[in-house]
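**Q** Okay, predicted coordinates and the sequence, questions at the end:
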Amino acid sequence: MNIVLLGAPGAGKGTQAKKLVSEFGVAHISTGDILRAAVKNQTELGKQAQKYMDVGDLVPDQLIIDMMKERLKEDDAQKGFILDGFPRTTAQADALKEMLDGLGKTLEAALQIEVDFDTIIKRLSSRRTCRDCGHIGTASEESCTVCGGEMYQRDDDKPETIKNRLDVYAKQTAPLIDYYKDKNLLVTVNGDQDVEDVYKDVKEAIK
Ligand code: AMP
């Protein structure tokens, strides 16, 4: 299973990716998670990425492409992967195709999780993330329901940054919907349902 997840921030890509990973044993490759870890550890990549992430802009393509070239070669990605948050531009999508060609792999689907922007704004404003295990929850969870860790609000889930992230999505990432449609890889599910109902549709769509 080699799949790309498409959808605005807050559409539920991370949540659905985690479910697919636990059922099918493929690798969950989230560029946002990799970058947040790099920022936390103040690696060279983290230092370069931070200023873009803080304001909700995209990190430059070449940094992301170099990072993904390495990530896709790792052992866990050989049995399949769910790409969550990558590609986010057509240049990244072209680079992904080249990387996969080089590795002798093909993309099976680009799965779009569709949610309207009003719902996204509400979701992102109340989204909380576990500092320890990355579980995604809401402001009503005082501690993580999975591991008991501390739930925090990502800086980029604050109202002033959300608007820019959605503008960036509309301008730079939404064109990937047509990009993958043209390649006959696009499948779309309605993300404005309960997590389990979305997951049912996801599995049906990628069958
Ligand atoms: P996410 O957790 O996917 O919402 O990503 C958080 C932030 O990381 C984004 O707002 C971007 O600044 C950066 N980022 C994640 N993935 C990418 C990507 N594929 N290209 C450029 N920037 C990215």
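**A** Here it is on my side, so go on.

**Q** burial of Thr173, as a residue count?
**A** 22 (other Cβ atoms under 10 Å). C-beta here means a position set from N, CA and C on the backbone, and glycine is covered the same way.

**Q** so who does it touch?
**A** Neighbour list for Thr173: 6, 8, 88-89 [criterion: Cβ atoms under 8 Å, 6 or more residues apart in numbering].

**Q** Correct me if wrong: Lys79 contacts Phe24.
**A** No. Counting by Cβ atoms under 8 Å, Lys79 does not reach Phe24; the two are 9.0 Å apart.

**Q** and which of the contacts of Thr173 is nearest the ligand?
**A** Arg88 (3.8 Å; Cβ to the nearest ligand atom).

**Q** sec struct for the closest one, please.
**A** coil (DSSP: H, G, I helix; E, B strand; the rest coil).

**Q** Quick check: the nearest residue to it once chain neighbours are set aside vs Asp84, distance?
**A** Nearest non-adjacent residue to Arg88, counting by Cβ to Cβ, 6 or more residues apart in numbering: Thr173, 4.7 Å away. According to Cβ to Cβ, to the nearest Å, Thr173 and Asp84 sit 13 Å apart.

**Q** Next, work out how far apart Val59 and Gly14 are.
**A** 17 Å.

**Q** With Asn164 instead?
**A** Taking Cβ to Cβ, one finds Asn164 at 20 Å from Gly14.

**Q** More neighbours: which of those two?
**A** Legend: neighbour count by other Cβ under 10 Å for Asn164 and Gly14, higher for Gly14 (23 against 13).

**Q** Packing partners of the helix or strand hosting that one?
**A** Using DSSP states H and E, Gly14 sits in helix 13-24. Helices and strands touching helix 13-24, by 3 or more Cβ pairs under 8 Å, 6 or more residues apart in numbering; DSSP states H and E, are strand 2-6, strand 27-30, strand 81-84, helix 195-206.

**Q** What residues of stretch 147-155 count as buried?
**A** 149, 151, 154 (16 or more other Cβ atoms under 10 Å).

**Q** Narrow these to those in helices?
**A** The members of the buried residues of stretch 147-155 all map outside helices under DSSP state H.

**Q** Pick the one among those residues closest to Leu72.
**A** Arg154 (25.2 Å; Cβ to Cβ).

**Q** how far away is Ala8 from Pro60?
**A** 21 Å.

**Q** next one: Ile113
**A** In terms of Cβ to Cβ, Ile113 sits 26 Å off from Pro60.

**Q** now Asp201
**A** Using Cβ to Cβ, we find Asp201 at a distance of 34 Å from Pro60.

**Q** what about the two, which has more around it?
**A** Using other Cβ under 10 Å as the criterion, Asp201 and Pro60 rank with Asp201 on top: 18 against 13.
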